[in-house]
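Asker: Fold the following and give me the result.
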Amino acid sequence: MIEQVQQRAGRKEWVGLAVISIACVLYIMDLSVLEMAIPAISEDLHPSSVQLLWIIDVYGFMVAGFLITMGSLGDRLGRRKLLLYGAGFFGAASVFAAFAQSAEMLIFARAVMGVAGATIAPSTLSLIRNMFADHEQRSRAIGVWVTSFSVGGAVGPVIGGIVLEFYWWGAVFLINVPVMALLLVLGPKLLPEFKDPTAGRADIPSLLASLSAILLVVFAIKKVAQDGLSVVALAALTVGVVVGVWFVRRQRGLDDPLIDLHLFGIPAFRAALVIYGIGVMVMFGGFLFMPQYLQLVLGYSPFATGMWMVPSAAMFVLGSNVSPWLLRWCGPAIQLGTGLVLAAIGFGIIALVQPDQGLWQVVVGSILFSLGLAPIFTLTTDVIISAAPANRAGAAAGISETSAELGGALGIAVFGSIAVALYRARIEPALSGVSADAAESARGTLGGAMNAARALPGEVGHRLLSASAEAFTVGMQVTAVMSALLALGLGGLVLARGKSVVDVGGEVRE
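Answerer: Predicted structure coming up:
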């Protein structure tokens, strides 16, 4: 009893959790805040279409590629040390991005921010494993950690909009600087240092292979989502898979592998990883089209759209923090299965939206699927980090976040490709009598169709406007149905096989 009391975290650990959670808010916020600044950046730096795409994507691209590498390096070099180095480079790169004088400079700065940002998620999650030895406290701490990502995603567009109202586009990057400075000052005082004392030197070929395989696979998925299936995408995917297979085989022959493949032999770890990745993929099916639907189809302003998204973010926060508390009354299998079924109901409601009305379906549906999916991220993250040995927590955290990144990329590719195909097929009849340039713009995006329709006279413009809104809505309905079926199928499987579902703490319920 005395030993358990000694292991419980105190005020210092909870304050430390608050500091690293703020860093996590910025880490995820930087994925969304840039979208608000794109018009101003385009006007100032005049990037080409390819450069603009890289400005938007390179941050998430580099984060995805370096997560496993940074998780493993944290185990070897020290998790706090790596986090603080990452925070320093993130802050410096943010200043460089804010004052970039060309598109090339901004792309470079965003790439460095991505590499530095990749230290944050695995380092903070593995530090939680050291800071909170008591499992009940650790579950609550992971709930707070997951909440920080939801808050970052929700406040990013809002904060970006407010900053851009009064300052130039570079100010959205300067938001990062004081928070990272705070982490650099308080981190050494509040966060413990931990590294694997038995770890050897990192295997350089493994580091390069891991990085190359993930970057190539993510690039291929993004390429399919943007341009459809192509030779370049297939080549990147093939090479990425081949390099990944070589990487796995190399790990089996190393005395000190970059990734301990025995982790995948733990049923709890393996099951939680799959559920986590699919959960992220399903969530993208809900959030991918909602902002465009609210702004372009229903006509709400960006600020109003952000405010209508707040209830779902609030429910995600609630679900993430209530989930550990509910473990006292029901096991993880019940929570996971019930949450997925609830999410399926939410997606089903979103599938009822119409081009001329659908606000309440979007709000209610997003509330339900956020509340249903939140426990999944909290519980599976807890399982993954608890199932791994303490000296491999950094690598486990890197694998966990890579699963989430791949799930998100797959969600964008699968749901986005299907929605685009449906959109183009249904808008085609409305393009008769429209100029070639306007038709090409209308086929590309809903925004392009709206702009083209406003420039067309009378009935032709009205027909294109109505057809584009209807075509986009059909795509949104179909992807919502797919998300509902995927969530319902996974939820049913978890509930039906509850005795073999992972238990928090890294064990399997027999």
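
Asker: Count residues in the vicinity of the closest residue to Ala467 other than its chain neighbours, would you?
Answerer: Nearest residue to Ala467 in three dimensions, chain neighbours excluded: Ala430, at 3.4 Å (C-beta to C-beta, 6 or more residues apart in numbering). All C-beta atoms are positioned from the backbone trio N, CA, C, and that covers glycine. With neighbours defined by other C-beta atoms under 10 Å, the count for Ala430 comes to 22.

Asker: In terms of pLDDT, where does Lys12 sit?
Answerer: Predicted confidence (pLDDT) at Lys12: the value is 80.

Asker: returning to that earlier point: surely the residue nearest to Ala467 is in contact with Leu464?
Answerer: Yes: taking contacts as C-beta atoms under 8 Å, Ala430 lies within contact range of Leu464: 5.0 Å.

Asker: and for those two, which residues touch both?
Answerer: The overlap between the contact sets of Ala430 and Leu464 (C-beta atoms under 8 Å, 6 or more residues apart in numbering) consists of Ala442.

Asker: quick one, what contacts Gly365?
Answerer: Gly286, Gly346, Phe347, Gly348, Ile349, Ile350, Ala480.

Asker: can you do 6 Å?
Answerer: Gly346, Ile349, Ile350 (C-beta atoms under 6 Å, 6 or more residues apart in numbering).

Asker: Give me the subset of those residues lying in helices.
Answerer: Gly346, Ile349, Ile350 (DSSP state H).

Asker: Could you turn the buried ones of the residues you listed into a PyMOL selection?
Answerer: A single PyMOL command selects the buried members of the ones in helices among the contacts of Gly365 (16 or more other C-beta atoms under 10 Å):
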select buried, resi 346+349+350
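
Asker: got the ones in helices among the contacts of Gly365 as a markdown table, with pLDDT and distance to Leu191 columns?
Answerer: Below are the ones in helices among the contacts of Gly365 laid out as a markdown table (pLDDT from 0 to 100; distance: C-beta to C-beta, whole Å):
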| residue | pLDDT | distance to Leu191 |
| --- | --- | --- |
| Gly346 | 93 | 37 |
| Ile349 | 93 | 42 |
| Ile350 | 92 | 40 |
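
Asker: possible to save the ones in helices among the contacts of Gly365 as TSV with distance to Glu405?
Answerer: What follows is those, written out as TSV (distance: C-beta to C-beta, whole Å):
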residue	distance to Glu405
Gly346	23
Ile349	28
Ile350	24
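
Asker: Show me which of the ones in helices among the contacts of Gly365 is closest to Gly394.
Answerer: Among these, Gly346 lies closest to Gly394 (C-beta to C-beta), at 34.4 Å.

Asker: Quick check: which helices or strands does the host helix or strand of Met281 pack against?
Answerer: Under the criterion of DSSP states H and E, Met281 resides in helix 267-287. Using 3 or more C-beta pairs under 6 Å, 6 or more residues apart in numbering; DSSP states H and E as the contact test, the elements touching helix 267-287 are helix 359-387, helix 393-427, helix 458-496, strand 502-503.

Asker: what about the helices in the stretch 151-300 of the chain?
Answerer: 171-174, 176-190, 204-227, 231-252, 267-287, 290-292 (DSSP state H, counting those that start in this stretch).

Asker: In which helix or strand does the closest residue to Val317 other than its chain neighbours reside?
Answerer: Setting aside the residues directly before and after it, Val317 is nearest to Thr147 in space (C-beta to C-beta, 6+ apart), at 4.9 Å. If you go by DSSP H and E, Thr147 is part of helix 135-166.

Asker: Can you spell out which helices and strands pack onto that helix?
Answerer: Taking 3+ C-beta pairs under 6 Å, 6+ apart as the contact cut, helix 135-166 packs with helix 11-45, helix 171-174, helix 302-326, helix 359-387.
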